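Novice: Predicted model and sequence follow; I will ask about them next.
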Amino acid sequence: MSLEKFTMELKSIIDKQHQRFLYTDGPVDRNNREFFAHVKEETKPMFEVNHQWMEEAEQFVKNRESSVHPNQVKSTHENIEMIILHSYYLDVERKRFKELYQSSHYVLDMILSDIEKRSS
């Protein structure tokens, strides 16, 4: 899969997780093993896409093809991991979640913009 497709997929993932965070009644019992197993199974593909995106994005920015700094890629990767987890466990304030969400979208959009510039 290309960096563009990974980026679009991640945007979709964090949008869905944002909706989950906003519309799920919580907080969740952190000691519930069944819920943990459910979250682990459901989030595994999301974490894989995020990891693959990071590898592709790091290569893209390392080749100086982007206005995104390598540290932004790493931070965005970590922010997306937190978005995924916080959307299930609801253990962060709305303001902080929104900051993670907006920051991630900003970098993902910058990557998409750089890909588009390069291809034209």
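Specialist: Looks like it came in fine. Please read all numbers here as calculations on a predicted model, not as lab measurements.
Novice: residues of stretch 19-37 that come out buried?
Specialist: Buried residues in stretch 19-37, counting neighbours by 16 or more other Cβ atoms under 10 Å, are found at 20, 21. Where you see a C-beta, it was placed from the backbone N, CA and C, and this is true even at glycine.
Novice: ugh, typo on my part, it should be stretch 110-118
Specialist: Buried residues in stretch 110-118, defined by neighbour count with 16+ other Cβ under 10 Å: 110, 111, 114, 115.
Novice: ok, now which ones touch the most centrally placed residue in the chain?
Specialist: Of all residues in the chain, the one closest to the mean position by Cα atoms, centre = their mean is residue 80, 2.8 Å from it. By Cβ atoms under 8 Å, 6 or more residues apart in numbering, the contact set of residue 80 is 10, 13, 14, 50, 104.
Novice: Tell me which entries of those lie within helices.
Specialist: Applying DSSP state H to those, the entries found in helices are 10, 13, 14, 50, 104.
Novice: distance of the closest residue to the fourth one other than its chain neighbours from residue 24?
Specialist: Distances taken as Cβ to Cβ, 6 or more residues apart in numbering put residue 80 closest to residue 50, at 5.0 Å, once the chain neighbours are dropped. Distance of residue 80 to residue 24, given as Cβ to Cβ, to the nearest Å: 18 Å.
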